[in-house]
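Q: Next input, structure requested:
(chains A and B)
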Amino acid sequence: MSDAQNTTHEAIDEDRRDFIHIATAATAVAGAGALAYVFVDQMNAASDTKAASSLEVDVSKVPLGGEIRVLIGGKPFFIRHRTQAEISAAESVDVSTLPDPQTDDERLRPLPDGEYNRAILVTSGSCTHLGCVPVGPAQGNTGDFGGWYCPCHGSHYDTSGRIRRGPAPSNLPVPDYRYVSPTVINISL
Amino acid sequence: MSGHPSTYEPKTGFTKWLDSRLPIVRLAYDSFVDFPTPKNLNYWWTFGGILAVCLMTQILTGVVLAMHYTPTVDGAFASVERIMRDVPYGWLIRYIHANGASMFFLAVYIHMVRGLYYGSYKAPREVLWILGCVIFLLMMGTAFLGYVLPWGQMSYHGANVITGLIGAVPVVGDSIKAWLMGGPSIGNQTIQRFFSLHYLLPFMIAGVVILHIWALHVPGNNNPTGVEARKDKEGLKKDTVPFHPYYTIKDAFAIVVFLIIFAAFVFYAPNVLGHADNYIEANPLVTPAHIVPEWYLLPFYAILRAITFNIGPIDAKLLGVIAMFGSIAILFVLPWLDTSKVRSMRYRPIARQFFFGFVVAGLLLGWCGASNPDDPIIPMGEDQLVVTYTDANGLQATQTYEEYEPAAEFRDSRIEAGQEATIAIKKAPAFRFVHLAQILTLYYFAYFLVILPLLGLREKPKDEPASIHKAVLGNKDRAAPAPAE
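A: Sure, this is the predicted structure:
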C-alpha cells in the first residue's frame, strides 16, 4: 500500500498481483472441486438402477419343499417354502452351538397381522465366503444340514440359511423385506 | 539425453527446415540411432522392445475389436461370438488380442525379473523402475477390465470376487464397491464403464512408456555387469556401441522369435491359457465350481488366499487384500530396500541363491493360485468318515469308519432306532496348498523386507570388472582390433 501514491504505469503493484493470483486460484480450485464432484458422482448408481432395487414376489407360488430364486438389481435371493420337518430342524438347533448364533425366528419377518409364516424363508443368495451362489433343493444338493451347499469352497447352510460348516464366516443375510399382504412380499436392497 | 551431445546433422533442405521448427527427427536419431548403449547387453535386454511390440499389438487389435463389440449385458457375449464366427478374420484378431494379453504379461515378468537380477532398479534408475511398476499396475488393471468384457461365466464371477475384495475395506468398502460397479451388483452400467476404461488405460500405459524410455535415456542402460559405462569420451567409446544397428537388429531378431511363439499360441492353442467356463454366457444365479483368474494374476491370488487367520482386529479377508496389494506396493520401494552397492547378482554369490529362490517362489505361488487351497499336496493319512449319533443315554457320540458302506449302514440303523445320526468327512491332516502358499508368501515378503536389506550390508561381493570393456574382453586385454564401429 505504501507504493500506492507513487504508482506509475511501469511500477509493479504487488497487492494487485496478489489479488489476481488469489482470485484466479480460488476460482479455479472451486471450479475444479465442483467438477470433480460431478465426475465422481456420475459413477454412482443411476436413478433407474436404484429404482430397480426392489421387487414384489408372490410367495404363494413357491412349491412346498422347493424354492424360487430372484435377481434384484443383479443380486440373487432365495425364497424357500419349507416343509414342517425343515422348520422343526431349523428351530430345534441349540443356537449357542452355531458359528453365527441366530434363532430361526430372528431370521423371519412378521406378516401384516404380526404373526410369523414360518414356512417361507427369504435369504440372500450369495455365499458369505466369496459370493458364490449356493445350490439348493432344485439342484439336488442341500448340503449336510438340509438347507444349501456352496460348491465353491464347501460351505453348508441349514434350513434357516445359517452357516453350519465350511469357510463362510456368517449366515446368509436376510434381506430387507416386508409382507405387503399375507402372500406378497416386497424385497428391497 | 545422457549428456551425450547430439550428432544429428540434417542433410536435406526439408529436414533442415523441420529441425529448426520441430526437432523430432533429431530426437528419434539421438534416442534410437546414435544412442550409446553398453556393448555387453544380452538377450534378457530385448524384452523392452518386445513389450513395445506387445503394447502396439494390443492397441491395434483392441481398436479393431471395439468396432464390432457391444458393451451391454444383452449384447456383449453375442457380439464376441459374432466376432468369432461372422466378422472376416474376427477370430484371428480376437485370438491375437486374448493371447496377446498373456504374451504381454509373460514378457513383462521376464523384463522385471531381469531388472531384479541385474539390479536395474538401483540408483540412478529408481524413477525408471517406479515408472515400470506403474506400467505393471496399469497392465493388471487393463487386463482385469478386459477380461470382464466377453461377459462369460468367468468374466462375471471373477469380477464379482475382485470387486468383493474392495468390499473388505472397513467402513467405506461397500460404498466404494457400489460406486465402482455403479449399482448394487455388476450389471449393464458396469460393463459400459469397464469398456470405456479398458479403452482408456492402454493409452495411459503408452504415455507412461514414453516417460519410462525418457527415464531410461537419462542414465542410459544398465548392463549384465552392473558397472556403469564410463562417461569420458574414450571410455564411452570403448564401453558402448550405437543403438543402431547393433541393438536394433538384436531386438528385431528377439522380437521375431517371440512373435513365432506368440503365433504358435494363436494358431495352435488359442484357448489353452483361458478357461472353458468363459464360453458360457454370464449367469448371476450359477457360479462356476472353481473361480480362478488368468494365469498371470495367479501368484497374487495365491497371496490373497494364503491369509486365513486374523491378526488382532483385522480379519483374514482384509489382511489378504492388504497382503496382495502390499506384494505389488513393495516393488515401488525396492530401490531403497536393497542396500547392496553392487548391482548385478553376478557378483553377489549369496544374494544370487536367494534370488533364484524368489523366482521359484513366484512360480510355485502361481501353482498354489491355480489349485484349490484345501487340496492336499502331501497327505498324512486317510480321510475318515465320522458318524455322529445320540446314544442310548441321549448323549452325543461318534463312531469313525474308513469305508462309506459300513458307516452308512450304522447311520441307517441309528435312524431306524429313532435316533438322529449324520455322516461327516473328517479330513486327514495334510500339507495343503494353503500351507505352501503361506510359506511362499512369507518368503516373498522376507526377500524384500529382510534378505535384501540385511544381505546388502553383510555379503562380501566378488570383484566387479573395472569396466564393461574389460568385462567383455576378459582378463586378456590384448591389443585386439577395435570392433568395427
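
Q: Without its sequence neighbours, what residue ends up closest to the residue in chain A that chain B sits nearest to?
A: As assessed by C-beta to the nearest C-beta, chain B sits closest to residue A:74 within chain A, at 3.2 Å. Where you see a C-beta, it was placed from the backbone N, CA and C, and this is true even at glycine. Leaving aside its sequence neighbours, residue A:74 sits nearest to residue B:185 (C-beta to C-beta, 6 or more residues apart in numbering or on different chains; 3.2 Å).

Q: Regarding that neighbour, what is its secondary structure?
A: Assigned by DSSP: H, G, I helix; E, B strand; the rest coil, the conformation of residue B:185 is coil.

Q: Quick check: phi and psi at it.
A: Residue B:185 adopts backbone torsions of phi -150, psi 180, taken as degrees, to the nearest 10.

Q: can you pull the pLDDT of it?
A: pLDDT recorded at residue B:185 is 89.

Q: That one touches residue A:73, doesn't it?
A: Yes - contact criterion C-beta atoms under 8 Å: residue B:185 and residue A:73 qualify, at 5.7 Å.

Q: near chain B at all, stretch A:43-54?
A: Yes - part of stretch A:43-54 sits near chain B under the criterion C-beta under 8 Å from any C-beta of the partner chain, namely A:43, A:44, A:45, A:46, A:49, A:50, A:53.

Q: Show the buried residues in these.
A: A:44, A:45, A:49, A:53 (16 or more other C-beta atoms under 10 Å in any protein chain shown).

Q: related to what we said a few turns ago, of residue B:185 and residue A:73, who's got more company?
A: Neighbour count, other C-beta atoms under 10 Å in any protein chain shown: between residue B:185 and residue A:73, residue B:185 has more, with 24 against 19.

Q: residue contacts, the more buried one?
A: Neighbouring residues of residue B:185 by C-beta atoms under 8 Å, 6 or more residues apart in numbering or on different chains: A:73, A:74, A:75, B:160, B:284.

Q: Among these, list the two that are farthest apart in space.
A: For these, the farthest-apart pair by C-beta to C-beta is A:73 and B:160; their separation is 13.6 Å.

Q: Give me the nearest residue to residue B:166, chain neighbours excluded.
A: Excluding the flanking residues, the one nearest residue B:166 by C-beta to C-beta, 6+ apart is residue B:177, at 4.7 Å.

Q: Which helix or strand contains the one you found?
A: helix B:173-181 (DSSP states H and E).

Q: Which positions in that helix come out as buried?
A: Neighbour-count burial for helix B:173-181, counted by 16+ other C-beta under 10 Å, picks out B:173, B:177, B:178, B:179, B:180, B:181.

Q: quick one: contacts for the last one?
A: Read it as residue B:181. Residue B:181 neighbours (C-beta under 8 Å, 6+ apart): B:163, B:187, B:189, B:190.

Q: re earlier: give the single residue among the buried residues of helix B:173-181 positioned nearest to residue A:68.
A: Of those, the one sitting nearest to residue A:68 (C-beta to C-beta) turns out to be residue B:181, at 24.9 Å.

Q: And the pLDDT for the closest residue to residue B:463 other than its chain neighbours?
A: Closest residue in space to residue B:463, ignoring its immediate chain neighbours: residue B:347 at 7.2 Å, by C-beta to C-beta, 6+ apart. On the pLDDT scale, residue B:347 is placed at 96.

Q: Contact partners for residue B:347?
A: B:225, B:226, B:461, B:462, B:463, B:464.

Q: just residue B:405 next, same as before
A: Applying C-beta under 8 Å, 6+ apart, no residues qualify as near residue B:405.

Q: For residue B:99, which non-adjacent residue is spatially closest?
A: Leaving aside its chain neighbours, residue B:99 sits nearest to residue B:265 (4.7 Å; criterion: C-beta to C-beta, 6+ apart).

Q: What's the local residue count around that neighbour?
A: 20.

Q: show me the contacts for it.
A: B:99, B:102, B:103, B:272, B:273.

Q: secondary structure element for residue B:422?
A: With DSSP H and E as criterion, residue B:422 is part of strand B:421-426.

Q: Return the set of buried residues in that strand.
A: Buried-residue list, strand B:421-426, by 16+ other C-beta under 10 Å: B:421, B:423.

Q: Pull the residues that contact that strand.
A: Contacts for strand B:421-426 (C-beta under 8 Å, 6+ apart): A:144, A:165, B:383-390, B:400, B:407-408, B:410-411, B:414-415.

Q: model confidence over that strand, on average?
A: 76.

Q: pull the CA atoms of that strand into CSV?
A: C-alpha atoms of strand B:421-426 as CSV (Å, rounded to 0.1, in the frame of the first residue of the first chain):
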residue,chain,number,x,y,z
ALA,B,421,-27.4,-89.6,13.0
THR,B,422,-25.3,-87.9,10.4
ILE,B,423,-22.2,-88.7,8.5
ALA,B,424,-19.4,-86.2,8.0
ILE,B,425,-16.0,-86.5,6.4
LYS,B,426,-13.1,-85.9,8.8
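
Q: Tell me how far stretch A:15-24 lies from the chain's centre.
A: 50 Å (C-alpha atoms, centre = their mean, to the nearest Å).

Q: Quick one: mean pLDDT over it.
A: 95.

Q: quick one, strands of the stretch 151-300 of chain B?
A: With DSSP state E, counting those that start in this stretch, the ranges of strands along the stretch 151-300 of chain B come out as B:240-242.

Q: if you look at the contacts of strand B:421-426, which of them are in helices?
A: Mapping the contacts of strand B:421-426 onto helices (DSSP state H) picks out B:407, B:408, B:410, B:411, B:414, B:415.

Q: Measure how buried the fifth one is and give me the count.
A: Other residues near residue B:414 come to 20 when the count uses other C-beta under 10 Å.

Q: same deal with the one 3 residues further on?
A: Using other C-beta under 10 Å, residue B:417 has 11 other residues around it.

Q: how near is it to residue B:365?
A: Using C-beta to C-beta, to the nearest Å, we find residue B:417 at a distance of 51 Å from residue B:365.

Q: List the beta-bridge partners for residue B:396.
A: Counting by DSSP bridges, residue B:396 forms beta bridges with residue B:390.

Q: surely it meets residue B:390?
A: Yes - if you go by C-beta under 8 Å, residue B:396 and residue B:390 touch, sitting 6.0 Å apart.

Q: and the nearest residue to residue A:143 once chain neighbours are set aside, what element?
A: Spatially, and ignoring its direct neighbours in sequence, residue A:143 is nearest to residue A:149 (3.3 Å; C-beta to C-beta, 6+ apart). If you go by DSSP H and E, residue A:149 is part of strand A:146-150.

Q: picking up where we left off before, I'd guessed the residue nearest to residue B:166 sits against residue B:168; true?
A: No - if you go by C-beta under 8 Å, residue B:177 and residue B:168 don't touch, sitting 9.3 Å apart.

Q: Isn't residue A:60 up against residue A:183?
A: Yes - counting by C-beta under 8 Å, residue A:183 is a contact partner of residue A:60 at 4.1 Å.

Q: Compare neighbour counts for these two and give me the winner.
A: Between residue A:60 and residue A:183, residue A:183 has the larger neighbour count (other C-beta under 10 Å), namely 14 against 11.

Q: Tell me how many other residues crowd residue B:312.
A: Using other C-beta under 10 Å, residue B:312 has 6 neighbouring residues.

Q: Please identify the residues of chain A in proximity to chain B?
A: A:40, A:43-46, A:49-50, A:53, A:69, A:71-76, A:125, A:130-133, A:144, A:151-154, A:165, A:169, A:189.

Q: which residues of chain A fall in strands?
A: A:54-58, A:67-72, A:75-81, A:120-124, A:146-150, A:155-158, A:163-165, A:176-179, A:184-188 (DSSP state E).
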